[in-house]
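In: no FASTA, just this:
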C-alpha cells in the first residue's frame, strides 16, 4: 500500500472511494501541494467509524502564512475553524471544516509529513492489522465504538504499557 499517494483510495471500500472522490473533486491535495500533504488516520486503514474525519497532515515552517493560506482556500466550507495548538512541544495549526459528507482536519507542523506521529502511527497500525487479521481489526473497531481512541485501543489489545501513543511508535522499532 502506497500511503504517499491517495490513489489507493480508488480501490478501497465504499467510504475510501467516497473520500477519494471528494478530495479529488475539490482538489484538496493539489491546493495543499506545497505543504507536502499526506492522508493519515483511520479511514485509509479501514478502521474508521461513521464520524471519523479525513486527517490531512502538512509540513509548514511559517504558521502565520499557513493559517492565512488555509483561511484563503478553505474558509468557504461549512463550519470552518482554524486554531493554533502545541503537540510534542511544537506549534501546530489545525483547520477543521466539512466538505460534502466528510469532516476534514488539516494539521500543519514544522516537521516533514512522513515523520509526523499521525502518519507514523497509521503505518504501524496498518502493519499490525495486516499481521493480526480481521478478528483483531473487528476488536479495534469495537473498542473505538465504545469510545476509545485508536492508539489506546491498539495498546490495550497488544498489552502495551505506558503512554499508548509513545508505546505504539516503539512497537515495531
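Out: It's in. Just so it is clear, the model here is predicted, and its values are computed rather than measured.
In: I'd like to know which helix or strand in the protein has the lowest mean pLDDT.
Out: Within the chain, no helix or strand scores below helix 164-171, which has a mean of 91 by mean pLDDT, DSSP states H and E.
In: Return the list of helices and strands in contact with it.
Out: helix 117-132, helix 150-158 (3 or more C-beta pairs under 8 Å, 6 or more residues apart in numbering; DSSP states H and E). The C-beta positions use only the backbone N, C-alpha and C, and glycine is treated the same way.
In: Need the ones you listed in JSON lines (columns: mean pLDDT and distance to residue 16).
Out: Shown next, in JSON lines, are these (pLDDT from 0 to 100; distance: least, C-beta to C-beta, whole Å):
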{"stretch": "helix 117-132", "mean pLDDT": "95", "distance to residue 16": "13"}
{"stretch": "helix 150-158", "mean pLDDT": "95", "distance to residue 16": "17"}
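In: show me what contacts residue 96?
Out: 53, 79-82, 103-106 (C-beta atoms under 8 Å, 6 or more residues apart in numbering).
In: Distance of residue 10 relative to residue 24?
Out: The span separating residue 10 from residue 24 equals 9 Å under the rule C-beta to C-beta, to the nearest Å.
In: All the strands of this structure, in order from the start?
Out: With DSSP state E as the criterion, the chain has strands at 38-40, 54-59, 78-87, 90-99, 102-109.
In: quick one: buried residues of the third one?
Out: Using 16 or more other C-beta atoms under 10 Å as the burial criterion, the residues of strand 78-87 that qualify are residue 82.
In: Likewise for stretch 12-26?
Out: Residues 12, 15-16, 18-20, 22-23, 26 are the ones in stretch 12-26 that count as buried (16+ other C-beta under 10 Å).
In: could you list every residue that touches residue 9?
Out: Shown in contact with residue 9 (C-beta under 8 Å, 6+ apart): 16-17, 19-20, 23, 39, 44.
In: Oops, could you answer that again for residue 6 instead?
Out: Shown in contact with residue 6 (C-beta under 8 Å, 6+ apart): 20, 23-24, 29, 39.
In: Next step: those restricted to helices.
Out: 20, 23-24, 29 (DSSP state H).
In: Please report the number of neighbouring residues for residue 122.
Out: By other C-beta atoms under 10 Å, 24 other residues sit near residue 122.
In: Okay, it and residue 71: tell me how far apart.
Out: 27 Å.
In: Give me the residues contacting stretch 162-173.
Out: Residues contacting stretch 162-173 (C-beta under 8 Å, 6+ apart): 117, 120-121, 124-125, 127-128, 151-152, 154-156, 158, 160-161.
In: repeat that for 6 Å
Out: Residues from elsewhere that reach stretch 162-173 (C-beta atoms under 6 Å, 6 or more residues apart in numbering): 121, 124, 151-152, 154-155, 160.
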